[in-house]
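just to be clear, the model below is a prediction. Sequence and coordinates:
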Amino acid sequence: MTDYTIVAFYRFTHLPDFEARRQPLIDVCTRGDVFGTILLAEEGINGTIAGPADGIDTVIGHIRTLPGCTELDLKWSSADANPFLRMKVRLKKEIVTMGIPQIDAASSAGEYVEPEAWNDLISDPDVVVIDTRNDYEVGIGTFAGAINPETASFRDFPEWLQSQGEDLKQTKVAMFCTGGIRCEKSTAYARSLGFKDVFHLKGGILNYLEKVPQADTMWQGECFVFDQRVSVGHDLAPGSYDMCHACRTPLTDADQRSPAYVPGVSCPHCQDERSEDQRKRYLERQRQIERARARGAKHLGSAAQLRRAK
């Protein structure tokens, strides 16, 4: 039996009074016994929340009353336990950090492409396909033929795109990301640079893996996700990766069999990048997590270390 409904959502819209929207959101979440994190900015809203179904419905209903939020992008799941420790509504410069807050993704994003039409688009030899995610995400799965910008964070993407030269601006470009939010902003940025034909996968990779049969897939590998599952495959089934909670790199079974792998402390990817003091702190954190798990309780570190910008 699953007791908690989980929903991830975002919407690029104009919220010039976003600061004033914070307290009413906190109040409606508190009344509905809803936990999670919501980001508010002048460019829109982004969040993941969990709670009883009726509480979630009330919160989503409230969010839909915000300007431009009737058509929220929603992704639903469920769990036996609440994955969040508290409710936070944060005021930000951007709901997904690119470092260029003046980009208007609400009105200038690229053309949506439904998952069912994505294969045809990226099979066109005249289309350049770009993975807008970070390098560690691309490393465990991507679409066949997609370009990997090899970025460490989304802040690096604008510089990479600017470096690609003028010819790319005259080419059909298709971009994708995990859930849709980054490629909405990256296509809006591309258009601000003068790109003419820019497309992006509606709902991101997760929407594709949910709707496109595995027999027809052009996806290769697994998709990194920003929760305890670490990765998923088709039909959003849990994948085969774990995570190093020291460097947050996805780990294969072989990585976990390495002598360099110490749960919560190090892995083959970071064993030479941490000081002895850091290792001691990580080891103590891991012990606290294991003690909390033995008591059937949550430890703040175990939840916090899984959260990243999507």
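Looks like it arrived, so ask away.

and the strands in the stretch 101-250 of the chain, which stretches?
Under the criterion DSSP state E, counting those that start in this stretch, strands of the stretch 101-250 of the chain are mapped to 111-113, 127-131, 141-143, 172-176, 198-201, 219-221, 223-224, 231-232, 242-243, 250-251.

run through who's touching the fifth one.
Looking back up the chat, that one is strand 198-201. Judged by C-beta atoms under 8 Å, 6 or more residues apart in numbering, the contacts made with strand 198-201 from elsewhere in the structure are 109-113, 115, 118, 121, 127, 172-177, 180, 183-184, 186-187, 190-191, 207-208. From N, CA and C alone the C-beta is placed, and that goes for glycine too.

pLDDT of that strand, averaged?
In this model, strand 198-201 carries a mean pLDDT of 97.

neighbouring strands of it in the sheet, and parallel or not?
Using DSSP bridges, the strands paired with strand 198-201 are strand 111-113 (parallel), strand 172-176 (parallel).

Gly233: which of these is closest?
Set against Gly233 and scored by C-beta to C-beta, the strands paired with strand 198-201 come closest in strand 172-176, at 16.4 Å.

what does the closest one rub up against?
The list of residues contacting strand 172-176 from outside it, by C-beta under 8 Å, 6+ apart, reads 110, 113, 118, 121-122, 124, 126-132, 143, 146, 183, 186-187, 190, 195, 197-201, 204-205, 208.

stretch 47-66 now?
Counting by C-beta under 8 Å, 6+ apart, residues outside stretch 47-66 touching it are 3-10, 13, 15, 21, 24-25, 28-29, 31-39, 45, 69-70, 72, 74, 79, 82-84, 87.

which of the residues you listed fall in strands?
Assignment to strands by DSSP state E places the following of the contacts of stretch 47-66 there: 4-10, 35-39, 45, 74, 79, 87.

hmm, back to that, now the buried members of the contacts of strand 172-176.
110, 113, 118, 121-122, 127-132, 143, 146, 183, 186-187, 190, 195, 197-201, 204-205, 208 (16 or more other C-beta atoms under 10 Å).

please enumerate the helices of this protein.
Defined through DSSP state H, the helices belonging to the chain, from first to last, are 22-31, 53-64, 105-108, 115-123, 135-138, 157-162, 181-192, 204-211, 253-257, 276-294, 300-304.

residues contacting the fifth one, please?
It refers to helix 135-138. Contact with helix 135-138 is made by 131, 146, 148, 150-152, 178, 223-224, 248-250, as judged by C-beta under 8 Å, 6+ apart.

hmm, try it at 10 Å
The set of residues that contact helix 135-138 without belonging to it, under C-beta atoms under 10 Å, 6 or more residues apart in numbering, is 131-132, 146-153, 156, 177-178, 205, 221, 223-226, 231, 247-250, 269, 308.

which of those residues are buried, as a ChimeraX select command?
Only the buried members of those end up in this ChimeraX selection, burial being decided by 16+ other C-beta under 10 Å:
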select :131,132,146,147,149,151,156,177,178,205,221,223,224,225,226,231,247,248,249,250,269
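
quick one: average confidence on stretch 251-266?
Across stretch 251-266, pLDDT averages out at 90.

any idea how far apart the tips of it sit?
End-to-end distance for stretch 251-266: 11 Å, by C-alpha to C-alpha, to the nearest Å.

centre of the chain versus that stretch, how much separation?
On the basis of C-alpha atoms, centre = their mean, to the nearest Å, stretch 251-266 is displaced by 24 Å from the centre of the chain it belongs to.

now swap in stretch 190-202 and tell me
From the chain centre to the centre of stretch 190-202 is a distance of 20 Å (C-alpha atoms, centre = their mean).

only C-alpha atoms, please: export it in CSV.
C-alpha atoms of stretch 190-202 as CSV (Å, rounded to 0.1, in the frame of the first residue of the first chain):
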residue,chain,number,x,y,z
ALA,A,190,19.5,29.3,-28.5
ARG,A,191,16.8,31.5,-30.0
SER,A,192,18.2,34.5,-28.3
LEU,A,193,21.5,33.8,-30.0
GLY,A,194,19.8,33.7,-33.4
PHE,A,195,19.1,29.9,-33.9
LYS,A,196,16.3,29.6,-36.3
ASP,A,197,14.9,26.0,-36.1
VAL,A,198,15.0,24.7,-32.5
PHE,A,199,13.0,21.8,-31.1
HIS,A,200,12.9,20.1,-27.8
LEU,A,201,11.5,16.8,-26.4
LYS,A,202,8.2,17.6,-24.5
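
Ile95 contacts Ile45, correct?
Yes. Taking contacts as C-beta atoms under 10 Å, Ile95 lies within contact range of Ile45: 6.4 Å.

now the common contact residues for these two.
Common contact partners of Ile95 and Ile45 (C-beta under 10 Å, 6+ apart): 10-13, 15, 18, 38-39.

which one of the residues you listed is nearest to Tyr241?
Proximity to Tyr241 was ranked across the shared contacts of Ile95 and Ile45 by C-beta to C-beta; first place goes to Tyr10, at 24.3 Å.

no further questions, thank you.
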